[in-house]
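> generate a structure from the sequence data that follows.
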Amino acid sequence: MCAWPALDVADRVHRGRLPAPFYALWVLTVLSGGVGAARLLAGVVQIADPATVTAVVNVGDDVVVHGLRVSPDLDTITYTLSGLNNEVTGWGVIDESWRVMDELDALGGPTWFRLGDRDLATHLLRTGRLADGATLSEVTAELAVARGLRVALLPVSDDRVATVLTTVDGERLGFQTYFVERRHDVAVRSIEFDGADRAVPAPGVLDAIAAAQRVVVAPSNPLLSIDPVLAVPGVRDAVARRRHDVTAISPIVGGAALKGPAGRLLTELGHDASALGVARHYQPLVGTMVIDVVDAGLAGQIEALGMRCVVTDTVMRDAASAAALAEVACHG
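Below you'll find the predicted structure:
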């Protein structure tokens with residue numbers, strides 16, 4: 001279930017690391033997007049029964065490329081939890097080959113968005129099933145079962161929600177154009193989630209938020225990964241109603257993002273690029289903020305926002321540190 005070696009849940013209970021009733025009763029929902037969420041979920045399944053865990057996943061990054069429907073966040077989480085994630089690239093599948101992309105390049109086709117040969121199988125299946133009339137949540141569940149996952153993966157919506165960024169020069173860019181083709185190396189003036197106002201939460205999404213004993217906001221980019229989830233009508237309100245039971249992990253450590261453009265985007269859009277800035281962004285929805293030890297000096301200001309603040313090591317270097325962070329976020 002996890003790309004890193006991990007103790008079996010029963011073994012962890014036997015060793016006294018956690019009380020056995022936790023695994024039987026604790027129901028968790030994780031708002032998820034990208035690598036940070038995938039790594040956290042890999043930690044969560046070490047300390048909780050995967051069958052009690054639901055990931056509500058961003059679809060604002062989804063794109064049709066090479067004629068195929070690609071769902072990067074859903075796929076990264078699926079590959080990570082099944083032990084197939086390519087740690088070299090940070091995306092795609094292990095032991096990948098690139099013959100199709102090399103051949104496409106030789107034919108003069110566009111190759112700025114590269115899909116490995118093994119990865120292509122996922123997108124071929126998804127595209128075919130969608131063309132047959134299946135919903136994205138149905139296809140996602142089928143792929144999860146095929147990969148041996150017991151965690152419930154729910155796209156936040158089966159409807160189209162597209163993250164669009166407007167640059168300071170007025171250019172409108174789809175997420176993958178901004179992130180991959182432009183390598184997020186352009187200044188951004190605004191972000192919108194096209195189609196979100198017309199979208200409907202996928203089956204099970206609102207129920208998963210309402211039923212969870214703990215809702216966790218993964219250490220994902222707040223503006224590009226979590227905000228598109230919250231933009232789907234009904235989701236933000238569902239999370240706000242659970243505020244006392246919602247914990248968020250800051251993806252900003254020591255004033256910088258561990259990966260990606262989160263820090264720069266926060267600054268460009270008028271936020272403070274710090275754990276405190278993330279706390280302010282989430283304050284109406286989140287009762288507890290988890291921040292890194294290097295940001296311990298911000299704890300008082302975060303608590304002044306009416307939020308509980310937990311200070312711990314939030315950098316997930318390996319399986320053990322991911323599990324330790326999951327324990328704090330889910331049960332601390």
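
> quick check: phi and psi at the closest residue to Asp194 other than its chain neighbours.
Distances taken as C-beta to C-beta, 6 or more residues apart in numbering put Ala162 closest to Asp194, at 4.4 Å, once the chain neighbours are dropped. C-betas here are computed from N, CA, C, even on glycine. Backbone dihedrals for Ala162, given as degrees, to the nearest 10, come out at phi -120, psi 120.

> hang on, Ala162 packs against Gly60?
Yes. Here Ala162 reaches Gly60: they are 6.3 Å apart, a contact under C-beta atoms under 8 Å.

> what's around Asp95, how many residues?
Neighbourhood size, Asp95 [other C-beta atoms under 10 Å]: 8.

> in which helix or strand does the nearest residue to it once chain neighbours are set aside reside?
Excluding the flanking residues, the one nearest Asp95 by C-beta to C-beta, 6+ apart is Arg118, at 7.2 Å. Element membership for Arg118 (DSSP states H and E) is helix 117-131.

> buried stuff in that helix?
Neighbour-count burial for helix 117-131 flags 118-120, 122-123, 126-127, 129 (criterion: 16 or more other C-beta atoms under 10 Å).

> for the residues you listed, which one is nearest Arg241?
Of all these, Arg241 sits closest to Arg126, with 32.5 Å by C-beta to C-beta.

> Phe193 belongs to a strand?
Yes. Counting by DSSP: H, G, I helix; E, B strand; the rest coil, Phe193 is part of a strand.

> residue contacts, the closest residue in space to it that isn't next to it in sequence?
Nearest non-adjacent residue to Phe193, counting by C-beta to C-beta, 6+ apart: Ala231, 4.3 Å away. If a contact means C-beta atoms under 8 Å, 6 or more residues apart in numbering, then Ala231 has 60, 161, 193, 196-197 as its contacts.

> ChimeraX command for the buried members of the residues you listed?
ChimeraX command restricting the contacts of Ala231 to the buried ones, with burial defined by 16+ other C-beta under 10 Å:
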select :60,161,193,196
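
> what's the mean pLDDT across stretch 260-276?
The average pLDDT within stretch 260-276 is 91.

> pull out the buried positions in that stretch.
For stretch 260-276, the neighbour count (16+ other C-beta under 10 Å) marks 260-266, 268, 271-276 as buried.

> contacting residues around that stretch?
Applying C-beta under 8 Å, 6+ apart, the contact partners of stretch 260-276 are 34, 168, 179, 184, 187-191, 221-224, 250-253, 255-257, 277-278, 280-281, 289, 291-292, 295, 298, 301-302.

> and the residues you listed, which of them are in strands?
Judged by DSSP state E, these include 188-191, 252-253, 256-257, 289, 291-292 as members of strands.

> if we can go back for a sec, for the following helix or strand past the helix holding Arg118, what does the pLDDT average out to?
Downstream of helix 117-131, the next assigned helix or strand under DSSP H and E is helix 136-146. Helix 136-146 shows a mean pLDDT of 96.

> quick one: helix 136-146 to helix 117-131, angle?
For helix 136-146 against helix 117-131, the angle between stretch directions is 140 degrees (axes from the mean of the first three to the mean of the last three C-alpha atoms, to 10 degrees).

> just the C-alphas of helix 136-146, formatted as PDB.
Listed in PDB are the C-alpha atoms of helix 136-146, where the atom choice follows Å, rounded to 0.1, in the frame of the first residue of the first chain:
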ATOM      1  CA  LEU A 136     -14.700  10.200 -13.300                       C
ATOM      2  CA  SER A 137     -15.500   8.900  -9.800                       C
ATOM      3  CA  GLU A 138     -16.500   5.500 -11.200                       C
ATOM      4  CA  VAL A 139     -13.300   5.200 -13.200                       C
ATOM      5  CA  THR A 140     -11.200   6.400 -10.300                       C
ATOM      6  CA  ALA A 141     -12.700   3.700  -8.100                       C
ATOM      7  CA  GLU A 142     -12.000   1.000 -10.700                       C
ATOM      8  CA  LEU A 143      -8.400   2.100 -11.100                       C
ATOM      9  CA  ALA A 144      -8.000   2.100  -7.300                       C
ATOM     10  CA  VAL A 145      -9.300  -1.400  -7.100                       C
ATOM     11  CA  ALA A 146      -7.000  -2.500  -9.900                       C
END
